[in-house]
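[1] structure of the sequence below:
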Amino acid sequence: MQEKFSQIVVGSTTDYDKFKFVTENRSIKQRNVENLIKSFKLTGGMLKSKPIIVDRKFNIIDGQHRLVACKKMSIPVHYIVTDEKTDNIPIYNTYQDKWGLEDYAHYFATQGNDNYIKILQVCDRTGISIHGCIEGLGIVTNKTFNFSFKEGRFVFDRDVEQSVAFIQKIMKLCYVIKGKRNISTKITRAIRVLRKIKTFDLDTFIEKVIRYQGKLYNCTTSDEYIEMFAWINNYKISKNRLSPLEILNAKNS
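    Predicted coordinates:
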C-alpha cells in the first residue's frame, strides 16, 4: 500500500531486491546492522518514523543498514521515494553521527577525486586508518580540516610511495616504544616538532631508539616524549645536538 504526498511516495515492503545499493555510499558495517536488529527487536520492527530514503529508481540515498537489518529479520522496510539525487549522500550523513573519514574518503574516491584515492592507497599499503595516516604524516587537523575533508576539498599533495615509507618508519618507532604497530598520536606529534629542527634525522634517531631501548620510559604527554626523544638523540654525541632553544622554537612554530 502506498500513499502519495506531492512528489514523495511513502510505502513499506518485504521485496528487498527492489532496492539498489549505491557505489558511492559507505560500506556496510556489520556492527551497525547488529545494533539495528537489537533495536528492531525491542521496538517490534522498523520504526515508521525512520524510513530509508530512495530515489525514483530505488537507489538508496540513506538507510542501507536499516534495509539489511530488515532483510535479515524478514520484516517490512519502510521507505520514502524522493526526487533527491544520490549526489546528496554525503550531505545526508554530514548531519548524522554516522559517517567517519573513511566513509567520506570512499565516497569522493569513487567520484574520481585523486586526493582521496591517494590517501586510501596509503591506508591500504600501511594497513592503518585514515586517522592514523593523517597523524603519521603530520597533517594538522582542526575543524577547518574536518569540514574540508567532508566537503571534498581535502588536498593530498604528497607522493604515495614516500608517504608509505615515512608512515612505516613511524609505525616501526611506535612498535619499539609501545609494542604495538598502530600509530600513537603523542609520539607522532613529538616527532612532528623535532622534524622542524634541521639537525634532526629520523632514520638515525630510530636506530638510536632501537640501540638504547633501555633508556626509554613511560610518557603521558607529547611534551614528555619530546623531552625523552631529545635526550636519546643527544646521547653520546657532541655535534648536531638538539638544544632547548631549538626545541622551544620548534614547538612555537
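[2] averaged pLDDT, stretch 20-31. What do you get?
    Averaged over stretch 20-31, pLDDT sits at 81.
[3] show me how far it is from its chain's centre.
    Offset of stretch 20-31 from its chain centre (Cα atoms, centre = their mean, to the nearest Å): 16 Å.
[4] send the alpha carbons of it over as PDB?
    What follows is stretch 20-31, C-alpha atoms only, in PDB (Å, rounded to 0.1, in the frame of the first residue of the first chain):
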ATOM      1  CA  LYS A  20      19.700  -0.800  -5.100                       C
ATOM      2  CA  PHE A  21      22.900  -0.100  -3.200                       C
ATOM      3  CA  VAL A  22      24.900   2.900  -4.400                       C
ATOM      4  CA  THR A  23      28.600   2.500  -5.000                       C
ATOM      5  CA  GLU A  24      29.300   6.000  -3.600                       C
ATOM      6  CA  ASN A  25      27.700   5.100  -0.300                       C
ATOM      7  CA  ARG A  26      29.800   3.800   2.700                       C
ATOM      8  CA  SER A  27      30.500   0.200   3.100                       C
ATOM      9  CA  ILE A  28      28.100  -1.900   5.200                       C
ATOM     10  CA  LYS A  29      29.300  -2.300   8.700                       C
ATOM     11  CA  GLN A  30      28.000  -5.500  10.400                       C
ATOM     12  CA  ARG A  31      28.200  -3.900  13.900                       C
END
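[5] tally of neighbours for Asp131?
    If you look again at residue 131, you'll see it is His, not Asp. By other Cβ atoms under 10 Å, the residues close to His131 number 15. All C-beta spots, glycine's among them, are computed from the backbone N, C-alpha and C.
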